[in-house]
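Student: how would this look folded up:
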Amino acid sequence: MSDFNDELDARGLNCPLPILRAKKAINKLDTGEVLKIIATDPGSVKDFEAFCNQTGNELVSTAEAGAEFTFFIKKG
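Tutor: Got it, this is the predicted structure:
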């Protein structure tokens, strides 16, 4: 996915920092806008799934390349 409104580089950060920074970034977006997140914490996969379920945001896609995880979250 290449269409997003903001990007968060959370590489090198461990739980809960990627989620906390993503929450702050999503709060700045308008409904329907998309945040791209790049993280290296393997736990972030389950963390972002849970985060989206709890906040009503949509986890549009998740991808893994090497030791990096990329998430696209649409603000609900």
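
Student: Surely Ile19 touches Asp47?
Tutor: Yes - between Ile19 and Asp47 there is a contact under CB atoms under 8 Å: 5.4 Å. Using the backbone N, CA and C atoms, a C-beta is placed for each residue, glycine as well.

Student: So which of those two has more stuff around it?
Tutor: More crowded of Ile19 and Asp47, by other CB atoms under 10 Å: Ile19, with 21 against 18.

Student: Confirm that that one sits in a helix.
Tutor: Yes - judged by DSSP: H, G, I helix; E, B strand; the rest coil, Ile19 forms part of a helix.

Student: Now do the contacts for the spatially most distant residue from the centre of the chain.
Tutor: Residue farthest from the centre of the chain, counting by CA atoms, centre = their mean, is Gly66 at 17.4 Å. Going by CB atoms under 8 Å, 6 or more residues apart in numbering, Gly66 touches no other residue.

Student: Pull up the per-residue confidence for it.
Tutor: pLDDT recorded at Gly66 is 94.

Student: Strands of the chain, start to end?
Tutor: Taking DSSP state E as the criterion, the chain carries its strands at 6-10, 34-39, 58-65, 68-74.

Student: Can you tell me which of these is most buried?
Tutor: strand 34-39 (a mean of 22; mean count of other CB atoms under 10 Å).

Student: And for it, what's in contact with it?
Tutor: 1, 3-11, 13, 18, 22, 25-26, 29, 48, 60, 68-75.

Student: try 7 Å
Tutor: 3-11, 18, 22, 25-26, 29, 60, 68-74 (CB atoms under 7 Å, 6 or more residues apart in numbering).

Student: now it against strand 58-65, angle please.
Tutor: Taking axes from the mean of the first three to the mean of the last three CA atoms, to 10 degrees, one finds strand 34-39 and strand 58-65 inclined to each other by 30 degrees.

Student: Quick one: work out the angle between strand 34-39 and strand 68-74.
Tutor: Strand 34-39 and strand 68-74 are oriented at 160 degrees to each other (the same axes, to 10 degrees).

Student: May I have the strands that pair with strand 34-39, each with its orientation?
Tutor: Looking at strand 34-39 with DSSP bridges, its partner strands are strand 6-10 (parallel), strand 68-74 (antiparallel).
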